[in-house]
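**Student:** This is a predicted model, with the sequence first.
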Amino acid sequence: MEGCCSKGEPGPGGGRAVTGESERRRETGPGRLTRFLPGAALLAWCLALAVLVRWPLSYYLWALPVDSNISLHILAARDLHAAWNPFALSSLSFPDAIPFRILAWPVVLVAAVLETWLAPVHAMNVAVIVGVACQGAALVAVGRVFGWTFAQVVVAVAAVEVAPLVVTLLANSQLENIAFLSFCLIVWGVDRARWSGWLAVSGGLLVAGFSSPYQAICAALLALALGVLRGVRALAAVVVMIVACACLIVTYYAPAVAPDARPASGPRKQIPIWDDADLPSLVIPDRRAMNREDVSDLARPAVRWRAATHPPPVVHLDSSWRVIPPWRVNYVGVVLALGGIVGLWRRRKDRTTVAIAAAGVLCLYLSLAPYADFVERLSRRLGEMSSWSWVLEPMLAMKSTVRFLTATSFALAVGAAHLVRRWHAVPVGLFVVAMIGDALVRAPGYWPPRCAYVDVAALQRVLGEGPVAVWPPFHPEFITVFQVLAVSTGRRLALCEPTWVGRDASTQDLWQGVYRPDQNPEAWTEWRSNPNARTGRVPGEWLRDAHRAGVRYLVEMQREPGAVPPESVLPRERLALTGDPACFPGFCTWDLARQLDHSAPLPGAETTESGLLLLRCR
């Protein structure tokens with residue numbers, strides 16, 4: 001092998017040379033990635049791809065994505081900006097904050113800082129763009145490790161920022177699972193093997209862990225793979241850093257999945273199934289998922305073109321607000337997969353490449369369900385040891401093993417960059433266009449992401465300032481409406497969270513503040529045996545307490561949106577309200593200072609009507 005030393009021969013410092021290092025370090029010349037490389041061009045490329053993959057939200061910053069996750073990220077950033085309390089969320093629980101743990105810390109933190117100058121929705125959209133651009137910019141550090149040319153870095157940035165996996169994650173607003181920045185820090189840090197390098201490895205582990213526990217496992221496996229191939233001392237240092245970072249991460253997130261932290265209210269759900277990957281869907285998109293009835297119109301090219309070239313629609317928020325259910329994050333892309341595998345095979349003699357590929361294969365293996373088997377066996381062995389519960393609870397909560405595929409996608413991106421090492425500009429350009437087209441057109445999460453401007457101007461003019469109470473009682477069917485209402489109005493919400501609701505509860509009964517289990521004997525038995533069912537406050541007491549705490553208005557979502565004229569269906573006698581509300585499309589509002597009768601008698605927990613129970617609020 002050409003270079004200063006070959007495999008097995010002493011290096012300049014007396015140590016052993018690493019296979020592949022001499023080859024990549026001798027790659028110098030006008031086209032090589034050196035400090036004279038025009039960094040501005042790479043930065044512009046990273047930003048341009050981030051704007052593209054997030055379009056039209058990168059232009060219409062006031063628009064809100066229509067998905068089930070983004071609103072909670074915005075509320076977390078808003079609360080963090082207001083109080084800098086990473087352990088509680090106050091926007092959906094007035095007057096007392098609820099215990100809460102933040103995911104996607106890097107993006108949420110950037111959004112919280114940007115809220116100094118921007119509105120919460122604007123700040124989050126800008127933060128997502130910055131976060132995606134940083135994922136690509138971090139590839140420059142990996143490029144220095146491998147001695148990549150400018151063209152190779154361009155390909156790697158495109159393979160990371162516009163990967164099919166990233167397009168789907170952005171369509172779901174699962175920002176916590178985009179952790180390529182941490183992978184780049186780990187690769188660069190282990191290669192540097194100095195104090196600054198180990199600091200970068202620790203930073204990468206923490207960035208991944210405080211983004212998502214799934215990505216913490218991916219980052220730890222990548223660091224271990226690199227450490228194994230670097231020697232015993234490097235491996236020992238990596239293990240120490242992993243243990244130290246894991247203690248911090250588990251300490252922060254474990255209370256959120258502890259048994260006593262799980263709410264006892266709301267309709268009971270079945271135990272979540274393991275959402276694992278399957279091999280065919282890695283390179284063949286699941287057309288059944290893409291052609292669901294609720295989003296079938298998104299498959300038409302004309303609809304996509306209109307969404308990309310027209311401003312987002314203006315919508316009124318009401319109880320009919322529905323979000324697009326999350327797409328399954330499974331497709332890694334046929335172009336990226338083929339190019340990445342060939343590129344990794346070509347550089348199979350390079351130790352760093354082998355380590356990255358090994359971590360990608362191991363995460364792929366875990367995503368196919370072995371992680372589930374491992375955790376279940378571990379829980380059976382340690383289930384009776386209470387001292388291990390703080391470790392088992394977070395692991396048992398990680399059921400969506402398909403999220404481990406981010407490490408696989410990262411390995412394929414590195415392989416794609418290796419593939420174009422000696423290519424000319426035209427083939428490189430065609431390869432980049434093919435990768436981007438495959439991601440934007442064939443990924444299960446449709447691009448461009450559906451978004452809308454939520455018009456609450458009429459509601460804002462009525463409410464004035466301060467927190468507001470919301471009716472109907474809390475229910476999973478309405479949770480996204482509550483979140484969007486808090487985001488759009490910028491107010492804290494006082495919600496009636498039932499202490500117990502049977503699984504057969506209807507939305508009509510919830511609107512009336514009651515539950516009718518007379519048709520379900522099992523529900524009666526469960527109600528009698530559940531101590532939570534008879535605790536808490538009746539809705540009238542809840543509303544009076546909210547008014548005493550500083551709530552001036554009650555906002556009632558209309559159960560039949562679009563009714564002309566708008567009308568209230570709220571059970572005013574149970575809440576001791578008098579008069580008529582002010583109604584407009586989507587909502588009715590009650591002025592508690594004038595319409596709440598604190599002296600009126602309230603119904604008890606049960607009524608004389610057979611089979612009718614009055615809900616109780618926490």
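**Tutor:** In hand now; what should we look at?

**Student:** Go ahead and confirm Val428 touches Val155.
**Tutor:** Yes. Using C-beta atoms under 8 Å as the test, Val428 is close enough to Val155 to be in contact (6.4 Å). (Glycine included, C-beta is placed from N, CA and C.)

**Student:** out of these two, which sits in the more crowded spot?
**Tutor:** Val155 (28 against 19; other C-beta atoms under 10 Å).

**Student:** In which helix or strand does the more buried one reside?
**Tutor:** When secondary structure is defined using DSSP states H and E, the element that contains Val155 is helix 150-161.

**Student:** In terms of secondary structure, what does that helix contact?
**Tutor:** On a contact count with 3 or more C-beta pairs under 8 Å, 6 or more residues apart in numbering; DSSP states H and E, helix 150-161 meets helix 39-53, helix 120-137, helix 139-146, helix 334-346, helix 405-419, helix 425-442.

**Student:** Format these as CSV; extra columns: distance to Trp195.
**Tutor:** Conversion of the helices and strands packed on helix 150-161 to CSV gives the following (distance: least, C-beta to C-beta, whole Å):
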stretch, distance to Trp195
helix 39-53, 25
helix 120-137, 23
helix 139-146, 17
helix 334-346, 30
helix 405-419, 25
helix 425-442, 37
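
**Student:** closest to Leu221 out of those?
**Tutor:** Closest of those to Leu221 is helix 405-419, at 6.8 Å (criterion: C-beta to C-beta).

**Student:** before we move on, back to that, now the common contact residues for Val428 and Val155.
**Tutor:** Val420 (C-beta atoms under 8 Å, 6 or more residues apart in numbering).

**Student:** coming back round to it: adding mean pLDDT and distance to Ala452, write the helices and strands packed on helix 150-161 out as a markdown table.
**Tutor:** A markdown table is the format used below for those (pLDDT from 0 to 100; distance: least, C-beta to C-beta, whole Å):
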| stretch | mean pLDDT | distance to Ala452 |
| --- | --- | --- |
| helix 39-53 | 90 | 19 |
| helix 120-137 | 93 | 11 |
| helix 139-146 | 86 | 33 |
| helix 334-346 | 92 | 31 |
| helix 405-419 | 92 | 29 |
| helix 425-442 | 89 | 21 |
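
**Student:** Pick the most deeply packed of those helices.
**Tutor:** Across the helices and strands packed on helix 150-161, averaging neighbours per residue (mean count of other C-beta atoms under 10 Å) puts helix 405-419 on top, at a mean of 28.

**Student:** Just want the angle from it to helix 150-161.
**Tutor:** Between helix 405-419 and helix 150-161, the angle formed by their directions is 160 degrees, by axes from the mean of the first three to the mean of the last three C-alpha atoms, to 10 degrees.

**Student:** Quick check: closest non-adjacent residue to Ile129.
**Tutor:** By the measure of C-beta to C-beta, 6 or more residues apart in numbering, the closest residue to Ile129 outside its immediate chain neighbours is Ala50, 4.8 Å from it.

**Student:** Could you report the distance from the one you found to Thr489?
**Tutor:** 29 Å (C-beta to C-beta, to the nearest Å).

**Student:** How about Leu336?
**Tutor:** Summarising the geometry, the distance separating Leu336 from Thr489, computed by C-beta to C-beta, is 42 Å.

**Student:** just so I know, which of the helices and strands packed on helix 150-161 lies nearest Ala223?
**Tutor:** Put simply, out of these the one that sits nearest Ala223 is helix 405-419, at 11.1 Å, with distance taken as C-beta to C-beta.

**Student:** and the closest one, what does it pack onto?
**Tutor:** Partner elements for helix 405-419 (3+ C-beta pairs under 8 Å, 6+ apart): helix 139-146, helix 150-161, helix 164-172, helix 180-192, helix 213-230, helix 334-346, helix 351-367, helix 425-442.

**Student:** And the shortest one, how far out from the chain middle?
**Tutor:** Relative to the mean C-alpha coordinate of its chain, helix 139-146 is positioned 27 Å out (C-alpha atoms, centre = their mean, to the nearest Å).

**Student:** Against which helices or strands is that helix packed?
**Tutor:** Applying 3+ C-beta pairs under 8 Å, 6+ apart, one finds that helix 139-146 makes contact with helix 150-161, helix 180-192, helix 351-367, helix 405-419.

**Student:** tell me the angle of it relative to helix 351-367?
**Tutor:** What separates the directions of helix 139-146 and helix 351-367 is an angle of 130 degrees, with the same axes, to 10 degrees.

**Student:** what's the answer for the third one, then?
**Tutor:** Between the axes of helix 164-172 and helix 351-367, defined by the same axes, to 10 degrees, the angle is 50 degrees.

**Student:** quick check: mean pLDDT across helix 164-172?
**Tutor:** Model confidence over helix 164-172 averages 88 on the pLDDT scale.

**Student:** Run a quick neighbour tally on Val314.
**Tutor:** When counting by other C-beta under 10 Å, one arrives at 10 neighbours for Val314.

**Student:** beta partners for it?
**Tutor:** Under DSSP bridges, the beta-bridge partners of Val314 are Tyr453.

**Student:** confidence score at it?
**Tutor:** The predicted structure scores Val314 at 83 on the pLDDT scale.

**Student:** Next: Ile98.
**Tutor:** At Ile98, the model reports a pLDDT of 81.

**Student:** Setting aside sequence neighbours, what's the nearest residue to it?
**Tutor:** Take Ile98 and drop its neighbours on the chain: the residue closest to it by C-beta to C-beta, 6+ apart is Leu89, 5.6 Å away.
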